[in-house]
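just coords:
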């Protein structure tokens, strides 16, 4: 598993992407089972990327204010 912190500019660019069968946002509040589930779904399909720490647009404002 690769893990890195993205810059604010990179995060804003990611926020412009739409979720699909190959890309998903997961809240930082997501439980381990939720993260495990999406990882397994992508692993059992054709792959994909998911970002942890960005709220779904239907639920929240996107990036959390980290000040």
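In hand now; what should we look at? In this text the structure is predicted, and so the values were computed from the model without any measurement.

so the spatially most central residue of the chain, which state does it fall into?
With distances taken as C-alpha atoms, centre = their mean, residue 51 lies nearest the centre of the chain, 2.2 Å away. Classification of residue 51 using DSSP: H, G, I helix; E, B strand; the rest coil returns strand.

state which helix of this structure is the longest.
Counting residues, the longest helix in the chain under DSSP state H turns out to be helix 32-44.

quick one: contacts of that one?
With contacts defined as C-beta atoms under 8 Å, 6 or more residues apart in numbering, helix 32-44 is touched by 22, 24, 26, 48, 49, 50, 52. For the C-beta atoms, the positions are set from N, CA and C on the backbone; glycine is no exception.

closest one to residue 11 out of those, please.
residue 52 (12.1 Å; C-beta to C-beta).

which positions are bridged to that closest one in the beta structure?
Note on residue 52: beta-bridge partners by DSSP bridges are residue 26.

can you pull the contacts of it?
The contact partners of residue 52, by C-beta under 8 Å, 6+ apart, come to 26, 27, 28, 30, 35.

now do the first one against residue 16, distance only.
Pointing back at residue 26 there. Distance, residue 26 to residue 16, using C-beta to C-beta, to the nearest Å: 17 Å.

these two - which one has more neighbours?
residue 26 (18 against 7; other C-beta atoms under 10 Å).
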